[in-house]
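In: quick one, structure for this:
(one chain, ligands or ions: 1)
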Amino acid sequence: MTDSPFPGTPRIDARDKVCGAALYAADQGRPDMLHAALAVATINRGEVRSIDTRAARAVAGVRLVLTHTDMGDYKAPGHVLAGGFGFQSMQPMLSNQIAYRGQPIALVVADSLEAAIEAAALIKARYDEQPSQLSLDAPAKDIVAQQGSPLPQAMFADKVAGDADAAFARAGVQVDAVYAHPPQHQNPIELVSTVAEWRKGTLVIHEGTQNSGAIRHGLARQLGLDPARIEVISPQAGGGFGLKNSLQMQTLFAAVAARKLGQPVKLVVPRGQQFHDTSFRPASRHRIQLGADAAGTITAAIHEADQQTSRHDLFPGSYAEMSARLYGIPNFRGRERLVRTDVQTPGFMRAPYEQPASFAFESAIDELAYKLAIDPLELRLRNDTQTDVLTGKPLSSRFLAECLHEGARRFGWRRRNALPASMKAADGAAIGWGVACGAYKAATSPTMARIAATGDGRILFTVAGHEMGQGMRTAIANVLVRRLRVAPDMLVIRIGDTRGAPQHLTAGSWGTASVVPAAEHAAQALMETLAELAPGHAPGLLPAQILALAGRERVEVEVRNKAPGQPDAVFGRLQGGMPAPMGPVYPDFVSMSYAAHFVEVIVEPVTRRIRVARVVSVIDCGRVVSPVTADSQVRGGVVWGIGAALREISEVDPRYGGFLNADLAEYVLPVHADIPPIEVAFIDKPDPLLNASGVKGLGEVAMVGVAAAIANAVYHATGKRVRHLPIRIEDVL
Ligand code: MOS
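Out: A predicted model of the protein is given here:
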């Protein structure tokens, strides 16, 4: 058990960030930089009939205006889950088709940003409009069930163990309820932005991304270029959360404009456009059926999910995978369906399936606990498992019961009065205590890492990985500082950069479990190589001292790492910019991370305002390798959970499409005053099977279950079961 905060190598880029020295894509400046802006569609579905760019071209300083009539030579990127590289298969402006409100119809490039914005606003289009569909209650023709879908079957296949329908019908105690999760947008503070420049026939892209490999190879496809002539540089992303995990629509525009004009071009997608032209968390609806016996053994669970996708892509739903794996429920059936709607293709947003699934499933578990009159903590413990229900394989490590016990102890759960609306504060406010759990796959991506020691004492390390604020550089530094006794300021860690190692998507909470074993392996290989250079040297010398003995200025080694059981072919996918992660199912085991969250809410008298008063979160992510950033990941996850439970929703008017609250004033997020004390603890037991470092994943599991714990606490405070998010005052009046 490890308390937070506790020591470790501090965040190695903290000082740079505080001083403004950390460089983000849009920080790139050049004397000859040109600025681009987009004009976007004002209908939700149809075709551009005509477009008038004369007024835009007349604005002083405008250098280029592009519409679909200029873009015919370029290719669509393809969808990242269907052999392509883009968050959606289509590239705006390759034709006159409009698939969603806010889709770009023209690009303006000018000497100044002001001129580009002014000119873009003067572009006038006429449209042929078609009706659109935005609801999960769609006609049958818009509903995609498993059969015949072009996606990999595994993503759609029902998740089945035993006979859940029969066991549910037989169960003495049943819960059958439907939970709704709204669309949400992740809104990283760094806007999606690209600086494109051509240097002697090589295209250089500066962009904050989780996937510089996909940008390189996707742009190569779009432009018809050799990928070797494209470099992508992304030393920092100012938040990603899934939105920056593939090729965006603006990158091609910046590249094309920079080539046509022979000057670097910067294109920053403003917040309002980002709501419409990047991916988002789709709306979903979940029917959960639970059956149990009177002793609290859950004998059956059925999870049926409907999720919104776009009309042009099938972004798969995979909600039941988490709910099947949370407990040892022997009879389980999960079913996913998609509903085609007229939006940009939705995508991955932090804990993309697990957040909505855990809200639904863990609310249902709480409902079952009340029906059984069993403490919700106790009910969860009674249904613990060390075996994966879907595959029958052992779990590599699972300390969820330990998370629950430790969280309960820290929270003081024993003092809870189980009766709803029974606990009151001195001012008459209702107090509610809720608990919920989360699980998230422990995945791994392949890496080809290089490490070098130099005579001046520096250690250079490059690997596939992206720094998006989560602290990947710091996780790597923790390893190299310990293994090589190098000072943090003598480390040069190059990630997110195609000029270093081949770059793979950083997502799915597989970053640490992928780069930390790579760093350990590289450090080991470096020391072995050094030992051979200076045989018989005294023990305990530093790399630079051994180099001096050997009369060498520099030595470099390369190592390759992949998930247990992965074929060598994954390195080909890695080098081709394709996703190649594995997990949670490995040949001999299944590997997941776990969380238990305990929440106190206060529902104020009269106003019925809901406030989160305190949170205790205990996490099993295997070994904690970077204590400072791990602690901060969990706090961030809890804040997201508070946002999901009480604030966040992307509002849609089905008559017009698009998203109405497309800015940070109206897309309501928790602010600092909404965040209570958060107590974080880690089980910190190394996973014995997943990798030699004993690390699983952390980024996403930290938020899984938080919203359910809050909803369960609201029920405990008020006796009102709210089955949709966000929970608002009017739900508990
Ligand atoms: Mo993250 S939502 O897996 O990019």
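
In: which helices and strands does the top helix by length along the chain pack with?
Out: The residue-count maximum for a helix in the chain (DSSP state H) belongs to helix 511-533. Applying 3 or more C-beta pairs under 8 Å, 6 or more residues apart in numbering; DSSP states H and E, we find helix 511-533 packed against strand 447-454, helix 472-484, helix 543-550, strand 554-561. C-beta coordinates here come from the backbone N, C-alpha and C atoms, glycine included.

In: of the ones you listed, which is nearest A99?
Out: Proximity to A99 (C-beta to C-beta) singles out helix 472-484 among the helices and strands packed on helix 511-533, at 34.4 Å.

In: report the angle between the closest one and helix 511-533.
Out: 30 degrees (axes from the mean of the first three to the mean of the last three C-alpha atoms, to 10 degrees).

In: write out the residues of the chain neighbouring the ligand.
Out: Of all the residues in the chain, those in contact range of the ligand (C-beta under 6 Å from any ligand atom) are Q210, F241, G242, N245, F348, M349, R350, P352, A507, G508.

In: so can I have JSON lines of those showing pLDDT?
Out: Shown next, in JSON lines, are these (pLDDT from 0 to 100):
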{"residue": "Q210", "pLDDT": "98"}
{"residue": "F241", "pLDDT": "97"}
{"residue": "G242", "pLDDT": "97"}
{"residue": "N245", "pLDDT": "97"}
{"residue": "F348", "pLDDT": "97"}
{"residue": "M349", "pLDDT": "98"}
{"residue": "R350", "pLDDT": "98"}
{"residue": "P352", "pLDDT": "98"}
{"residue": "A507", "pLDDT": "98"}
{"residue": "G508", "pLDDT": "97"}
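
In: the residue of the chain found nearest the ligand: what's it in contact with?
Out: Nearest residue of the chain to the ligand: G242, at 2.6 Å (C-beta to the nearest ligand atom). When contacts are counted by C-beta atoms under 8 Å, 6 or more residues apart in numbering, G242 touches Q186, Q210, S279, G347, F348, M349, R350, P352, A507.

In: that one: helix or strand, and which one exactly?
Out: Following DSSP states H and E, there is no helix or strand that holds G242.

In: V80 versus the residue nearest to it when sequence neighbours are not counted, what's the distance?
Out: Of all residues not flanking G242 in the chain, F348 sits nearest, at 3.5 Å (C-beta to C-beta, 6 or more residues apart in numbering). Counting by C-beta to C-beta, to the nearest Å, the gap from F348 to V80 is 9 Å.

In: name the residues contacting each of these two.
Out: In contact with both F348 and V80: N245, using C-beta under 8 Å, 6+ apart.

In: tell me which of those two has more neighbours.
Out: Shown here are F348 and V80; by other C-beta atoms under 10 Å, V80 has more neighbours (29 against 26).

In: return the residues in contact with the nearest residue to the more buried one once chain neighbours are set aside.
Out: Distances taken as C-beta to C-beta, 6+ apart place S246 nearest to V80, at 4.1 Å, with adjacent residues excluded. Shown in contact with S246 (C-beta under 8 Å, 6+ apart): V80, F85, G86, F87, N211, A214, G218, G347, L505.

In: now those in JSON lines, with pLDDT and secondary structure?
Out: Formatted as JSON lines, the contacts of S246 follow (pLDDT from 0 to 100; DSSP: H, G, I helix; E, B strand; the rest coil):
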{"residue": "V80", "pLDDT": "93", "secondary structure": "coil"}
{"residue": "F85", "pLDDT": "97", "secondary structure": "coil"}
{"residue": "G86", "pLDDT": "97", "secondary structure": "strand"}
{"residue": "F87", "pLDDT": "97", "secondary structure": "coil"}
{"residue": "N211", "pLDDT": "98", "secondary structure": "coil"}
{"residue": "A214", "pLDDT": "98", "secondary structure": "helix"}
{"residue": "G218", "pLDDT": "98", "secondary structure": "helix"}
{"residue": "G347", "pLDDT": "97", "secondary structure": "coil"}
{"residue": "L505", "pLDDT": "98", "secondary structure": "coil"}
